[in-house]
Structures are given as C-alpha cells and as structure tokens.
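A.B. asks: the following comprises the amino acid sequence and a computationally predicted model.
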Amino acid sequence: MSGSEAIEALRKIPGYEAASPRQVERLGGMTNRVYRVAIDGSDGDLVLRIPGEGTEEYIDRNVEAHNSQAAHRAGVSPQVLYCDPKTGIMLTRHVPGTTMTPALFRQTPGAPTRAAQAFKQLHESGETFEFRFELFTMIEDYLKVLARLGAELPEGYHDVVAEAASVREAIEARPARLVPCHCDPLCENFLDTGSRMWVVDWEYSGMNDPLWDLGDLSVEAGFDASQDEEMMSAYTGGSFTEAAFGRMVIYKAMCDLLWTLWGLIQHANGNPAEDFWAYSVTRFERCKTLMADPDFAAHLEAVRRG
C-alpha cells in the first residue's frame, strides 16, 4: 500500500479533512499498516494505524481503544488522538525512540531493565483494562477461528495442549493478582529513548498475570539467563522468589503455544507479511523444546509450592 492510502484515511478523521502531509513513511506491522505522518503546523508527527484484513475475527477494537487510552494515562504509551472501533483506524502522537528488535534487546545495555520498568509502571498504575486475557480460553477461541477457516494445525498440537493441563492446574491453584497487561510484548512494540521505554500496540491487552508480560518479552527477545535475571530484578526491585521466576519461565512456553495459533490464523487469512506457516511451526517447536527441558518441571514445581 502507498502513502495515498494513509492520506485518504487521515482525511476521514474529524479535524484532518483538509490535511496535506508533507511526509508519509510506512512503518512496521505484522498484521496492520502503520504510517508516520508529518503535517505542517501540527504539534509533532502522528502515527496512523489501518487494520489488516480479517483482524476483526479476533480483536475487539472497543477494548483496544479503551486500553490504549488507559495505557496513555499510565504514562507508558503515546496519546490517542482518534480511534474508530468500527473501522479500526487509530491515530496517535508519535513518540521518540528506537524501535526495538530481538537483537537490539540483547545488545543494548539496560534494555531489559527499561522494559521491566515500563511494565512495572503499567502494572502498578491502578488502571483497569477491559478484557480478561486468559491463556487457555484464548487457545480454545483461536482453535474455533481456525476451525471456521478450515486451517491445518501442526502435527501434535492437541497433544501438547493436553500436556499443558498440568501448567493450567498449577497456575490456577496459585491465582495471580490481575493487573493491566500488554500481553503481546513483541520487541518491535517497544521504543527505547536510552532512558526509558515507550510501549505501543494494545490490540491484545487485558487484565492478566503480570508475569505473562515478562515471560513473553523474554521469549520474543531471546533473553539468556542473565538478561532474565536483570529483567526480573529490575521489575521486583532486586530480589524475586523461585515461584515468581518459575511462573515467568512457564509463560515463555505458554505464549509460544498460544501465538502458534495466531500465526496459523494469519496463514489462513493469506497475510503476506511473512511465511506464517513457518512462523507457527517454529514457535510450536520452541514450545515443545521448552516444555521438554528438565528445568521446566522444576519451575512448574516451584509454582505449585508458591
């Protein structure tokens, strides 16, 4: 899609009907089309998001709008200037910062710490997000979407879901305090200024166990043991229990189990952004590897003990 798409969408937003951007830059986005827009006389650049085809199957845009605004009030995300839940078009202020990648997260000194601090600020903000992000319910819901689409699953997927029943039992026996969570912390959803991290893209956000955010970021960024410890230490203020660390590690595998299905939905919808079948198979294989690691059982036992 060209910048003309962005200009056309921008001019449908109240207050921007006569906008003549001097620059339109296509940014990243795995499912959506995202543009940075510069307009003379505007108070800084803007970011325009146009949703991808089929995203209405599994994203509630009303929830996203509410949570995006709450995340801004929490001080971790840019201001939302416009959001239309019917069309999914969203306009926000642009904020400074380097868009992170897995490599940048691993190579940039202090990056795990700054991300943990952003999570802590969100989790302790007192804001309430709409939607309860519940792992196993979402797996069931995604499987229903895939069934409607007639999509194929990787061999053995249902077997691994059955194996994860022990994880579900351990987590539900020790329920976490629910807080507003991002729930989809791809590295590219972080903007690093060197002194803080901004967080963007609240499509999958909801009330959740805060350690989901940390575990998901760890697996997305490919953190090693020292970076996991840096992140957890920054989040907890220095020390953390075996149960908390174990819960974070368990969520690494569980987010792979869930996002495998997300990738299959993209594949079934013909999303051209990347090879989503390969994406899904890679995540599923990593999930199985994590769950087969002897340390996984030890972490699960630590969660059971509490």
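C.D. replies: Thanks, I have the structure now.
A.B. asks: ok, which stretches of this structure are strands?
C.D. replies: Per DSSP state E, the chain carries strands over the ranges 23-26, 33-38, 46-50, 80-83, 90-93, 98-99, 179-181, 190-192, 197-199, 206-208.
A.B. asks: just checking, what packs against the third one?
C.D. replies: Just to be clear, that refers to strand 46-50. helix 3-10, strand 33-38, strand 90-93 (3 or more C-beta pairs under 8 Å, 6 or more residues apart in numbering; DSSP states H and E). In short, each C-beta sits where N, CA and C put it, glycine included.
A.B. asks: dump those to CSV, plus mean neighbour count and distance to residue 195.
C.D. replies: Converted to CSV, the helices and strands packed on strand 46-50 look like this (neighbours: other C-beta atoms under 10 Å; distance: least, C-beta to C-beta, whole Å):
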stretch, mean neighbour count, distance to residue 195
helix 3-10, 16, 30
strand 33-38, 18, 22
strand 90-93, 20, 19
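A.B. asks: thinking again about what came up before, among the strands of the chain, which is the most enclosed?
C.D. replies: By mean neighbour count, with neighbours taken as mean count of other C-beta atoms under 10 Å, strand 179-181 ranks first of those at a mean of 25.
A.B. asks: what's the mean pLDDT across it?
C.D. replies: On average, the pLDDT along strand 179-181 is 98.
A.B. asks: pairing partners for it, with directions?
C.D. replies: strand 206-208 (antiparallel) (DSSP bridges).
A.B. asks: residues in contact with the strand it pairs with?
C.D. replies: Here strand 206-208 makes contact (C-beta atoms under 8 Å, 6 or more residues apart in numbering) with 63, 67, 128-134, 178-181, 183.
A.B. asks: closest to residue 163 out of the residues you listed?
C.D. replies: residue 134 (18.8 Å; C-beta to C-beta).
A.B. asks: so which bits of stretch 100-118 are buried?
C.D. replies: Applying a neighbour-count criterion of 16 or more other C-beta atoms under 10 Å, one finds 100-101, 104-105, 111-118 buried in stretch 100-118.
A.B. asks: which sections of the stretch 151-300 of the chain are below the confidence cut-off?
C.D. replies: Applying pLDDT under 70 to the stretch 151-300 of the chain flags no residue at all.
A.B. asks: for residue 219, which residues are in contact?
C.D. replies: Counting by C-beta under 8 Å, 6+ apart, residue 219 touches 252-253, 255-256, 286, 290.
A.B. asks: hey, which helix is longest across this structure?
C.D. replies: In terms of residue count, the longest helix belonging to the chain (DSSP state H) is helix 242-268.
A.B. asks: and it, which residues are buried?
C.D. replies: For helix 242-268, a neighbour-count test (16+ other C-beta under 10 Å) marks 243-268 as buried.
A.B. asks: same thing with stretch 136-154?
C.D. replies: In stretch 136-154, counting by 16+ other C-beta under 10 Å, buried: 136, 138-139, 142-143, 145-146, 151, 153-154.
A.B. asks: and which of these is nearest residue 12?
C.D. replies: residue 145 (28.8 Å).
A.B. asks: show the contacting residues for the closest one.
C.D. replies: Residues near residue 145 by C-beta under 8 Å, 6+ apart: 57-58, 265.
A.B. asks: circling back to that earlier point, could I get the helices and strands packed on strand 46-50 as TSV with distance to residue 236?
C.D. replies: As requested, these are exported to TSV (distance: least, C-beta to C-beta, whole Å):
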stretch	distance to residue 236
helix 3-10	42
strand 33-38	33
strand 90-93	31
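A.B. asks: between these, which one is closest to residue 232.
C.D. replies: Among those, strand 90-93 comes nearest to residue 232, with 30.1 Å by C-beta to C-beta.
A.B. asks: now that closest one, how far from the centre of its chain.
C.D. replies: Distance of strand 90-93 from its chain centroid, counting by C-alpha atoms, centre = their mean, to the nearest Å, is 18 Å.
A.B. asks: would you mind pulling up the elements that it packs against?
C.D. replies: Using 3+ C-beta pairs under 8 Å, 6+ apart, the elements in contact with strand 90-93 are strand 46-50, helix 61-73, strand 80-83.
A.B. asks: and that strand, average pLDDT?
C.D. replies: Here the average pLDDT along strand 90-93 is 97.
A.B. asks: middle-most residue in this protein, spatially?
C.D. replies: With distances taken as C-alpha atoms, centre = their mean, the residue of the chain nearest its centroid is residue 184 (1.4 Å).
A.B. asks: that one touches residue 216, doesn't it?
C.D. replies: Yes. Residue 184 lies in contact with residue 216 (C-beta atoms under 8 Å); the separation is 7.2 Å.
A.B. asks: now the contacts of residue 145 in JSON lines, with distance to residue 301?
C.D. replies: Output for those, formatted as JSON lines (distance: C-beta to C-beta, whole Å):
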{"residue": "57", "distance to residue 301": "38"}
{"residue": "58", "distance to residue 301": "34"}
{"residue": "265", "distance to residue 301": "34"}
